[in-house]
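1. Below are the sequence and a predicted model; questions follow.
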Amino acid sequence: MDEICSRSNRTRWANVAAVGALGLLSALTIYGRQSSDFQPRWLILDATVAIVACGLIPVLSRYPVQGALAQATLAMLSPAATPQSTAATLTVALRRPLKTATLVAFAGVAGHFVQGIWRQIDGLDLLWYAVLDVAVHAALLGWGQWVQARQALLNSLRERALRAENEQGRRVAEARTLERTKMAREMHDVLAHRLSLLATYAGALEYRPDSSPEKLAKAAGVIRAGVHQALEELREVISVLRDSEIDELPGGRPQPTFGDLAGLVAESRDAGTEIRYAESVVAAESLPPATGRTAYRVVQEGLTNARKHAAGHPVTLVIDGEPGESLRIELTNPSGNGLSLTPGSGTGLIGLTERVHLAGGTLDHGRAADGRFRLQASLPWPL
């Protein structure tokens, strides 16, 4: 409401200033014409036209075309309306399309030409008066259209900059969402594996309280070391995801690759999982690092799910492939009793499927005909 009142006040004072300035120009015009050829009848007409023309100035702010045509009509009668008529022509040129502004400018030319015929200026030929009349209105028309085009260009550039800023903001938001998704996926892959191992050792302590103090102390030490390593891996995941291009974790330790699968299998065997591992991979050293990391995560997720849902059952892991074909991973285990050893989000395989698809591969999982759970992945391996 205050803004509307402020805008109304500005418009009112602008009209007052325009009426004052144009009224002064009309007075000077009347004085100039009467000083060269004083005629009382023309003085009365000029004064009347000047008053009416000044009174029509506020109309231009709301009805510029109608106001300009009225001013052109008054310009036919007296030179006292010339300042108001030219101002009206410029106003229309600033606010209306070229076609409309041209018609209004033509009306202004016609009005002044009629004025020049019956109130000719002494010492100025009618032809030259007509040339000046056309030149002035053409200049007003060109100036107004240029200003209008410039303003339209500035508005377009401002709108384009605003759209670019909004687009940049959207991209930043999408990047942040993607980073959070990647972080959640990595935390699931890393920590679920680590915590499932800890749950296995903790379960052994719970169900074998009669073990010797040495075994209990050893199991407690393994749990303590596992917790410490889980915290370290959590910090590493957060650090790595700040920059997806780095290939080393803090401390110089590289990210897991295909060559670390043997250590992953050994770690699971130490936790009590029976694993039958068969590998027939040709030229494993030529496997791209990104593919090797994806393969590691597939096996890690499979072993984690086997410990969670089928604890105490053997797991069969078969990996084969060669350059120019694909790297194939198959992990099977008997179905469990439906009870999970550790709670989970239920989205591990969904995230793993997305990871494999992003790598250009395929992932299938589910219960096979023989009742066993099977996880199969195929990753591209270019030459």
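-> Sure thing, it's come through.

2. how about low-confidence regions in the stretch 51-200 of the chain?
-> 172, 175-176, 179-194 (pLDDT under 70).

3. and if you look at the stretch 251-383 of the chain?
-> Checking the stretch 251-383 of the chain against pLDDT under 70 turns up 251-254, 336-347.

4. That one: helices as residue ranges?
-> In the stretch 251-383 of the chain, the segments counted as helices under DSSP state H, counting those that start in this stretch are 261-270, 289-309, 348-358.

5. try the stretch 101-250 of the chain
-> Per DSSP H, counting those that start in this stretch, the stretch 101-250 of the chain carries helices over the ranges 126-207, 213-240.

6. what about residue 142, neighbour count?
-> 13 (other Cβ atoms under 10 Å). (C-beta placed from N, C-alpha, C; glycine too.)

7. For it, give me its contacts.
-> Applying Cβ atoms under 8 Å, 6 or more residues apart in numbering to residue 142 gives the contacts residue 93.

8. do that again at 10 Å, thanks
-> Neighbouring residues of residue 142 by Cβ atoms under 10 Å, 6 or more residues apart in numbering: 93, 101, 105.

9. from these, which is closest to residue 65?
-> Among the contacts of residue 142, residue 101 lies closest to residue 65 (Cβ to Cβ), at 9.0 Å.

10. which ones are touching the closest residue to the closest one other than its chain neighbours?
-> Using Cβ to Cβ, 6 or more residues apart in numbering and skipping residues adjacent in sequence, the residue nearest residue 101 is residue 93, 4.4 Å away. Applying Cβ under 10 Å, 6+ apart to residue 93 gives the contacts 64, 68, 100-102, 104-105, 137, 139-148.

11. Kindly report the same for residue 17.
-> For residue 17, the contacting residues are residue 57, by Cβ under 10 Å, 6+ apart.

12. so what pLDDT did it get?
-> We have a pLDDT of 70 for residue 17.

13. Secondary structure element holding it?
-> Following DSSP states H and E, one finds residue 17 within helix 2-36.

14. Pull the following helix or strand past that helix out as PDB, backbone CA atoms only.
-> Next in sequence after helix 2-36, counting helices and strands by DSSP H and E, comes helix 40-55. Output in PDB follows, covering the C-alpha atoms of helix 40-55 (Å, rounded to 0.1, in the frame of the first residue of the first chain):
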ATOM      1  CA  PRO A  40      -4.600  40.900 -29.600                       C
ATOM      2  CA  ARG A  41      -6.900  38.300 -31.200                       C
ATOM      3  CA  TRP A  42      -4.000  35.900 -31.600                       C
ATOM      4  CA  LEU A  43      -2.900  36.500 -28.000                       C
ATOM      5  CA  ILE A  44      -6.300  35.400 -26.700                       C
ATOM      6  CA  LEU A  45      -6.300  32.300 -28.800                       C
ATOM      7  CA  ASP A  46      -2.700  31.400 -28.000                       C
ATOM      8  CA  ALA A  47      -3.300  31.900 -24.200                       C
ATOM      9  CA  THR A  48      -6.500  29.700 -24.400                       C
ATOM     10  CA  VAL A  49      -4.700  27.000 -26.300                       C
ATOM     11  CA  ALA A  50      -1.700  27.000 -24.000                       C
ATOM     12  CA  ILE A  51      -4.000  26.600 -20.900                       C
ATOM     13  CA  VAL A  52      -5.900  23.700 -22.500                       C
ATOM     14  CA  ALA A  53      -2.700  22.000 -23.700                       C
ATOM     15  CA  CYS A  54      -1.100  22.200 -20.300                       C
ATOM     16  CA  GLY A  55      -4.300  20.900 -18.800                       C
END
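
15. Quick one: distance of the helix or strand following helix 40-55 to the chain centre.
-> Using DSSP H and E, the next helix or strand after helix 40-55 towards the C-terminus is helix 57-62. In terms of Cα atoms, centre = their mean, to the nearest Å, the centre of helix 57-62 is found 42 Å from the chain centre.

16. what's helix 57-62 packed up against?
-> If you count contacts as 3 or more Cβ pairs under 10 Å, 6 or more residues apart in numbering; DSSP states H and E, helix 57-62 packs onto helix 2-36, helix 64-77, helix 82-95.

17. how about a cut-off of 7 Å?
-> Here helix 57-62 touches helix 2-36, helix 82-95, going by 3 or more Cβ pairs under 7 Å, 6 or more residues apart in numbering; DSSP states H and E.

18. if we can go back for a sec, list buried residues within the contacts of residue 93.
-> Among these, the ones that count as buried by 16 or more other Cβ atoms under 10 Å are 64, 68, 101, 102, 104, 105, 137, 140, 141, 144, 145, 148.

19. can I get those residues in TSV with distance to residue 227?
-> Shown next, in TSV, are these (distance: Cβ to Cβ, whole Å):
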residue	distance to residue 227
64	79
68	85
101	80
102	83
104	84
105	86
137	88
140	83
141	82
144	78
145	76
148	72
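
20. Among those residues, give me the pair with the biggest separation.
-> Spatially, the most separated pair among these is 137 and 148, at 16.3 Å (Cβ to Cβ).

21. Quick check: residue 49 touching residue 80?
-> Yes. The criterion here is Cβ atoms under 7 Å, and residue 49 meets it with residue 80 at 4.8 Å.

22. Between those two, which has more neighbouring residues?
-> Under the criterion of other Cβ under 10 Å, the comparison of residue 49 against residue 80 puts residue 80 first, with 29 against 22.
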